[in-house]
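Trainee: Quick one, what's the 3D model for this:
(2 chains)
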2 protein chains.
Amino acid sequence: MDDAISAHELSCWLALAHAPGVPPSMLAALAAAPGTITSWFDNLRGPGLAGIDPGLSRYLAAPDWSGVESDLRWLDAGGGTILTFADPRFPELLRNIPDPPPVLYVRGRAEALASPQVAVVGSRNPSPDGVRQARQFAGELARLGIGVTSGLALGIDTQAHVGAMDAGGVTIAVQGCGPDQVYPRRNTGLAERIIERGAVVSEFGAGMPPLSANFPRRNRIISGMSLGTLVVEAARRSGSLITAGYAATQGREVFAVPGSIKNPLAQGCHQLIKQGAKLVAGIDDILEEIRELGVRAAAEPVMASQGQCKREGLDERCRLLLDNIGFGPVAMDELVDQTGLAAGITASLLSSLELSGHIEILPGGRVVRR
Amino acid sequence: MDDAISAHELSCWLALAHAPGVPPSMLAALAAAPGTITSWFDNLRGPGLAGIDPGLSRYLAAPDWSGVESDLRWLDAGGGTILTFADPRFPELLRNIPDPPPVLYVRGRAEALASPQVAVVGSRNPSPDGVRQARQFAGELARLGIGVTSGLALGIDTQAHVGAMDAGGVTIAVQGCGPDQVYPRRNTGLAERIIERGAVVSEFGAGMPPLSANFPRRNRIISGMSLGTLVVEAARRSGSLITAGYAATQGREVFAVPGSIKNPLAQGCHQLIKQGAKLVAGIDDILEEIRELGVRAAAEPVMASQGQCKREGLDERCRLLLDNIGFGPVAMDELVDQTGLAAGITASLLSSLELSGHIEILPGGRVVRR
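Mentor: From the prediction side, this is the model:
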């Protein structure tokens, strides 16, 4: 499978990335076959724009090519990777949210985005208990091969990233600014560490400052890449509740850690639990739902380029992988060699096979049959 | 309305109180008209026993008249009041549980049982936070005219009773022993105080010691008299969870106060919340459900002798009461004088009118129109 796309095709996707409100149906149509977006862009100025939102239509008549150029400069300078919506490495769960971004700007290991993920978010000013809980839950998730996704903010977000990495796992930070900057600056060192082990991602093009208006939008990416969102300490009316709200809208699980009713930072969590979030007193409370979700997600229609491994009716590539996995551990690289599948696809299918109970992914990434 | 029953009728009810497993349908049939139980008991030895459980049938052929005599001695000595299932003062909600007792032995103010009640139960060894929470919730309920029902145990139960009384409200203790004793002995002084302001009740006849086997049964009375049961601190596998379980089985609300996930006494509460109990972070969380429940309870069929006040289609006695309640406060005694309704009925109807939002019961018991 060749994931490379032409420079013109990438430019078209980047032009779309700077457009206002691109509907997901349009993204799916453009991603359906290689080259669709270029012929579509080339014909934009002619007829065929009927039915497109007027704002988007106006934008498409004069796209932000300077924004595209600055993105390409960032890319050429080795800033990272750009995953278009059509890229098989574009996170499958994020593809299915009501308003997915046309592209993701990624610093670090793009393949990290194929991990099954749980978001861990919370207060910027947590209590010592909250700090401990965020680290512990993130560490336990990471040790189980689940990526920990958060927002790189101070407080709980930071603890979640650190907890996952200290446990030897994968973590993903979603930013509310362009891929060429880090916010908050104080977390520059942390971002560098995350880039080595996982990924720092954003939907905002190079040069976009960390505008406060970007942050609520950013939160939908955090929840959108994740099977569920765990809130560890959050005040009433806080950003974490926005993330939890997105998770619920996206049909993902919402998890919340309760606390003493006299702790103001437990109020947000209690509010979520009253609204139906799952009370989390221990890691098992998360795992119960995630296993269910994994099976459920696998049963839903997915893009042809990805496929998933259901408990029954495994798709061909899942069978191919399973045929190459024995009861002794095998490394993912070996599987890639043996099957000829792309590394990103392999990682994604393995996650799916693990969630459906067929295999177990061991610490270090080797896999065995169950 | 004449609530008095003949000595023979009372003896028959007491004989039934000492019987094993009397089905509620039988209790309802016997309570349908005065004298039913006496003619039924008088004919027991003849035909007409078909369909009755063999154990009950054997008992009825030779009832525990010595137990009845010891109950009557307790009554004659001024020990308290005996409310039969047929008595209009028998708590309406308790009448509707799957296995109501044939009689209640009451020390103190029998009319207290007509209050809308919320049970507050929990650990015998609470943390300082639990102690504070039990007192506070009980006090807030009491100030709103809601009786606080509990089990007279040490710890949370004790705090609930004390909190309600300190707030000038009504509290009801349900015992797992006969009405002639107090368990635990250490709470003898508390029981005396409760008898003055509220009631100490039991389904067990005079002389019954506080057998451990009685306590789970006792818990169904606590939840059964209450609109809902609030659990404040409970370990996994504790008696409070039994009470909560009864509440759920009885179709009543279950409330639980969350706590830090590192507090072992929060585990029982967290378990309940995961099972569907309402998380209670403040009194409003209880009131929301209780108002709903009050309306719902009013919409259900109730005994003709009691009646309830729905939001629409008020029954005649509710109208009569409302006609005598103005926008200035009026005492319940005045309403009893003006309407000719019995005090117990009046209290019950006023509770119902308050729950349906027609009136407000002020601290001290006076009422005003809303």
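
Trainee: Tell me the residues of the stretch 51-200 of chain A that contact chain B?
Mentor: If contacts are counted using CB under 8 Å from any CB of the partner chain, the residues of the stretch 51-200 of chain A sitting beside chain B are A:129, A:133. Every residue, glycine included, has its C-beta placed from N, CA and C.

Trainee: Mind doing that once more with 7 Å?
Mentor: Residues of the stretch 51-200 of chain A found near chain B (CB under 7 Å from any CB of the partner chain) are residue A:129.

Trainee: helix/strand/coil for whichever residue of the stretch 51-200 of chain A sits closest to chain B?
Mentor: With CB to the nearest CB, the shortest gap between the stretch 51-200 of chain A and chain B falls at residue A:129, namely 6.4 Å. Secondary structure assignment for residue A:129 (DSSP: H, G, I helix; E, B strand; the rest coil): helix.

Trainee: Give me the neighbour count for the residue lying closest to it once chain neighbours are set aside.
Mentor: Distances taken as CB to CB, 6 or more residues apart in numbering or on different chains place residue B:260 nearest to residue A:129, at 6.4 Å, with adjacent residues excluded. For residue B:260, the number of neighbouring residues by other CB atoms under 10 Å in any protein chain shown comes to 19.

Trainee: So what's the predicted local confidence for the residue of the stretch 51-200 of chain A closest to chain B?
Mentor: You'll see residue A:129 listed with a pLDDT of 96.

Trainee: Now do the strands in the stretch 151-300 of chain A.
Mentor: In order along the chain, the stretch 151-300 of chain A carries the following strands (DSSP state E, counting those that start in this stretch): A:171-174, A:199-202, A:228-232, A:253-256, A:278-279.

Trainee: got the contact list for the residue nearest to residue A:129?
Mentor: Residues counted as contacts of residue B:260 (CB atoms under 7 Å, 6 or more residues apart in numbering or on different chains) are A:129, A:259-260, B:266.

Trainee: export stretch A:217-230 as PDB, just CAs?
Mentor: Extracted in PDB, the C-alpha atoms of stretch A:217-230 (Å, rounded to 0.1, in the frame of the first residue of the first chain):
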ATOM      1  CA  ARG A 217     -12.300  23.100  19.400                       C
ATOM      2  CA  ARG A 218      -9.100  21.400  20.300                       C
ATOM      3  CA  ASN A 219     -10.900  19.400  23.000                       C
ATOM      4  CA  ARG A 220     -13.000  17.700  20.500                       C
ATOM      5  CA  ILE A 221      -9.900  16.200  19.000                       C
ATOM      6  CA  ILE A 222      -8.800  14.900  22.400                       C
ATOM      7  CA  SER A 223     -12.000  13.100  22.900                       C
ATOM      8  CA  GLY A 224     -12.400  12.300  19.300                       C
ATOM      9  CA  MET A 225      -9.300  10.200  19.100                       C
ATOM     10  CA  SER A 226     -10.200   8.400  22.300                       C
ATOM     11  CA  LEU A 227     -12.400   5.500  23.200                       C
ATOM     12  CA  GLY A 228     -13.300   7.400  26.300                       C
ATOM     13  CA  THR A 229     -12.400  10.500  28.300                       C
ATOM     14  CA  LEU A 230     -11.500  10.200  32.000                       C
END
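
Trainee: mind putting the contacts of residue B:260 in JSON lines, distance to residue B:189 included?
Mentor: Putting the contacts of residue B:260 into JSON lines (distance: CB to CB, whole Å) gives the following:
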{"residue": "A:129", "distance to residue B:189": "39"}
{"residue": "A:259", "distance to residue B:189": "36"}
{"residue": "A:260", "distance to residue B:189": "31"}
{"residue": "B:266", "distance to residue B:189": "30"}
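
Trainee: Out of those residues, which sit inside helices?
Mentor: Among these, the ones falling in helices (DSSP state H) are residue A:129.

Trainee: how close does the residue nearest the centre of chain A get to chain B?
Mentor: The centroid of chain A falls nearest to residue A:225 when counting by CA atoms, centre = their mean (2.9 Å). Residue A:225 sits 26 Å away from chain B, going by CB to the nearest CB, to the nearest Å.

Trainee: which residue does chain A bring closest to chain B?
Mentor: When you check chain A against chain B by CB to the nearest CB, the closest residue turns out to be residue A:258, at 3.6 Å.

Trainee: Contact partners for that residue?
Mentor: For residue A:258, the residues meeting the contact criterion (CB under 7 Å, 6+ apart) are A:266, A:269-270, A:273, A:279, B:258-259, B:261, B:270.

Trainee: most neighbours, which of these?
Mentor: residue A:269 (33 neighbours).

Trainee: so it sits right up against residue A:230, yeah?
Mentor: No - at 9.8 Å, residue A:269 does not count as touching residue A:230 under the criterion of CB atoms under 7 Å.

Trainee: helix, strand or coil for residue A:106?
Mentor: With three-state DSSP as the criterion, residue A:106 was assigned strand.

Trainee: What does the pLDDT read for the residue nearest to it when sequence neighbours are not counted?
Mentor: The spatial neighbour of residue A:106 that comes closest, neighbours along the chain excluded (CB to CB, 6+ apart), is residue A:81 at 4.4 Å. The predicted local confidence for residue A:81 comes out at a pLDDT of 97.

Trainee: which phi and psi does residue A:81 have?
Mentor: As for residue A:81, its main-chain torsions (degrees, to the nearest 10) stand at phi -120, psi 150.

Trainee: The contacts of residue A:258 into JSON lines, with extra columns for pLDDT and distance to residue A:163?
Mentor: Output for the contacts of residue A:258, formatted as JSON lines (pLDDT from 0 to 100; distance: CB to CB, whole Å):
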{"residue": "A:266", "pLDDT": "97", "distance to residue A:163": "20"}
{"residue": "A:269", "pLDDT": "98", "distance to residue A:163": "18"}
{"residue": "A:270", "pLDDT": "98", "distance to residue A:163": "23"}
{"residue": "A:273", "pLDDT": "98", "distance to residue A:163": "22"}
{"residue": "A:279", "pLDDT": "98", "distance to residue A:163": "20"}
{"residue": "B:258", "pLDDT": "98", "distance to residue A:163": "23"}
{"residue": "B:259", "pLDDT": "98", "distance to residue A:163": "23"}
{"residue": "B:261", "pLDDT": "97", "distance to residue A:163": "16"}
{"residue": "B:270", "pLDDT": "98", "distance to residue A:163": "22"}
